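1. give me a model of this one.
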Amino acid sequence: MDPKVEKFMSRIKAKNPAEAEFHQAVHEVAESLIPFIEENPRYKHARVLERIAEPERVILFRVPWINDKGEVEINRGYRIEMNSAIGPYKGGLRFHPTVNLGILKFLAFEQVFKNSLTTLPMGGGKGGSDFDPKGKSDNEVMRFCQSFMTELCRHIGPDTDVPAGDIGVGGREIGYLFGQYKRIKNEFTGVLTGKGLQWGGSLIRPEATGYGAVYFAEEMLNSRGDSLKGKVAAVSGSGNVAQFTVQKLTEMGGKALTMSDSAGCIYDPEGIDAEKLAWIMELKNIRRGRIKEYAEKFGCEYFEGKRPWHVKCDVAFPSATENEIRKEDAETLIKNGCKVISEGANMPSTPDAIEVYLRSRILYGPGKAANAGGVAVSGLEMTQNSMRLPWSREEVDSRLHTIMKNIHQTCVDYGSETDGYVNYVNGANIGGFVKVADAMLAQGVV
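-> You can find the predicted model right below:
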């Protein structure tokens with residue numbers, strides 16, 4: 001490890017003990033940025049990276065609510081307002097038992113760079129609760145959301161902090177949260193994104209992260225005179241991101257062979273076409289079933305307890321969760337001929353896996369660039385709310401495609417090496433940093 005990076009990380013770990021995911025995210029960025037900062041001393045003297053790694057505000061609160069048995073339950077709520085140099089805080093709310101301060105700080109830190117790359121005026125934030133909506137009735141979820149928003153509403157607003165959905169927070173939860181905010185504040189504003197189409201939501205928002213990851217993969221291939229047409233892909237996950245990754249990949253002439261959930265993965269060598277994908281959407285979004293049922297329905301292989309990285313493919317779209325690709329998985333992917341990895345999830349590759357990608361000189365799109373489509377369309381929803389005008393599906397998709405092309409170009413501008421290879425990790429980190437850092441310098445030490 002570079003001694004300067006090591007010294008920086010020792011301070012981060014001392015100030016933020018027992019937050020492994022946050023340490024991992026900061027370390028990955030520091031490796032790219034510290035050499036760049038050494039060459040640009042104005043950022044060093046103002047200690048900009050140290051300031052970006054320190055949240056502007058951390059909000060922690062209790063969330064009491066009453067279950068259907070009439071019993072009081074208590075969860076913990078969070079909002080990490082990380083950086084507002086280029087716009088109001090923007091980032092999702094996650095409801096899941098694993099939520100803790102370290103995970104949310106990692107996500108908020110990543111969000112700062114991701115939002116900057118979109119070119120839209122959005123700062124970075126993240127929040128959520130250790131509440132688990134699975135197995136809860138609609139009334140229980142509503143009561144929890146109302147209690148959560150009763151506290152959160154005093155810290156957010158359309159020009160201050162605009163949360164969105166994330167794991168465990170879909171259209172139902174956003175609806176309950178927005179209803180409580182409106183009731184308390186007596187105003188109808190664009191304070192949340194991911195809203196229903198009938199009341200301020202944007203077309204393409206559910207599809208945006210998956211679509212964006214595919215657009216980014218296409219741009220990487222185009223840079224080498226290639227395309228997704230005829231390529232076979234391994235996709236992990238079977239939720240929102242994975243579903244729309246498969247949909248857009250199929251539209252662009254590629255073929256998805258795999259999908260997965262926490263219990264295992266399916267491998268369909270004939271490909272998951274539009275009809276099969278529609279069946280998966282019904283399975284996952286309505287019946288809440290397991291992906292194993294697909295193998296039983298369509299007669300393909302199912303691998304219990306495995307992720308799909310052993311399957312031969314041209315392109316991989318990790319779209320499930322953080323650290324799902326480890327060093328051994330990365331080596332297997334490369335050995336089996338994978339040439340492109342475009343991350344739909346947040347930080348799905350471990351540092352050792354990323355080293356394998358970079359050493360192999362493959363096309364690797366890190367999450368803060370490749371999965372920025374979701375927050376990009378959230379930003380477009382904010383714009384539509386401010387204008388009080390909805391845009392068509394075609395207009396939003398066109399703007400999303402343009403944003404992903406611009407993110408790719410930023411990565412090329414800042415990540416190109418002397419031999420022509422594009423290090424997208426450096427490109428995304430430096431490109432995202434410069435815009436935020438310059439704004440911080442212009443605004444003084446605040």
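2. need the pLDDT of the residue nearest the centre of the chain.
-> In the chain, the centroid-proximal residue (C-alpha atoms, centre = their mean) is Asn346; its distance is 4.5 Å. We have a pLDDT of 89 for Asn346.
3. in space, what's closest to it - neighbours in sequence excluded?
-> Gly367 (5.1 Å; C-beta to C-beta, 6 or more residues apart in numbering). All C-beta atoms are positioned from the backbone trio N, CA, C, and that covers glycine.
4. let me know whether that neighbour touches Ile354 as I believe.
-> No - here Gly367 lies out of contact with Ile354, judged by C-beta atoms under 8 Å, at a distance of 10.8 Å.
5. the two: which is more packed in?
-> Ranked by neighbour count (other C-beta atoms under 10 Å), Gly367 and Ile354 place Gly367 first, with 24 against 20.
6. how close does that one get to Phe148?
-> Look at Gly367 and Phe148: by C-beta to C-beta, to the nearest Å, they are 26 Å apart.
7. Ile266 now?
-> For Ile266 relative to Phe148 (C-beta to C-beta), the value is 35 Å.
8. the residue nearest to the centre of the chain - that's part of a strand, no?
-> No - counting by DSSP: H, G, I helix; E, B strand; the rest coil, Asn346 falls outside a strand, being coil.
9. pretty sure it contacts Asn323?
-> No - applying C-beta under 8 Å as the test, Asn346 and Asn323 come out as separate, 10.0 Å apart.
10. show the model's pLDDT score for Ile286.
-> 89.
11. what's the spacing between it and Gly432?
-> Plainly put, Ile286 is 37 Å away from Gly432 if you go by C-beta to C-beta.
12. try Ala14
-> On the measure of C-beta to C-beta, Ala14 and Gly432 end up 25 Å apart.
13. and the strands in this protein?
-> For the chain, the strands defined by DSSP state E occupy 57-66, 72-83, 89-95, 124-129, 161-164, 232-235, 255-256, 258-261, 264-267, 301-304, 315-317, 340-342, 363-365.
14. which residues are in contact with the third one?
-> The contact list for strand 89-95, computed with C-beta atoms under 8 Å, 6 or more residues apart in numbering, reads 81-83, 103-104, 107-108, 111, 115, 122-129, 131-133, 160-169, 173, 177, 375, 378-379, 382.
15. any quick PyMOL command for the buried ones out of the residues you listed?
-> Buried members of these, defined by 16 or more other C-beta atoms under 10 Å, are picked up in PyMOL with:
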select buried, resi 81+82+83+103+104+107+108+111+115+122+123+124+125+126+127+128+129+131+133+161+162+163+164+165+166+167+168+169+173+177+375+378+379+382
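16. what sits against Thr245?
-> Shown in contact with Thr245 (C-beta under 8 Å, 6+ apart): 210-211, 213-214, 235, 256, 317, 319, 344.
17. just give the nearest non-adjacent residue to it, would you?
-> Closest to Thr245 by C-beta to C-beta, 6+ apart is Gly210, at 3.8 Å.
18. my guess is the one you found meets Thr250, correct?
-> No - with contact defined as C-beta under 8 Å, Gly210 does not count as touching Thr250 (11.3 Å).
19. the two: which is more packed in?
-> Gly210 (28 against 20).
20. and the more buried one, how far from Ser342?
-> The gap separating Gly210 from Ser342 is 10 Å, by C-beta to C-beta.
21. same check on Tyr357?
-> Distance of Tyr357 to Ser342, given as C-beta to C-beta: 11 Å.
22. which one of these two has more residues nearby?
-> The neighbour comparison of Tyr357 against Ser342 (other C-beta under 10 Å) goes to Ser342, with 32 against 24.
23. quick check: closest non-adjacent residue to that one.
-> Leaving aside its chain neighbours, Ser342 sits nearest to Ala217 (3.9 Å; criterion: C-beta to C-beta, 6+ apart).
24. list the contacts of the one you found.
-> Ala217 touches 228, 315, 317, 340, 342, 363, 365, 370, counting by C-beta under 8 Å, 6+ apart.
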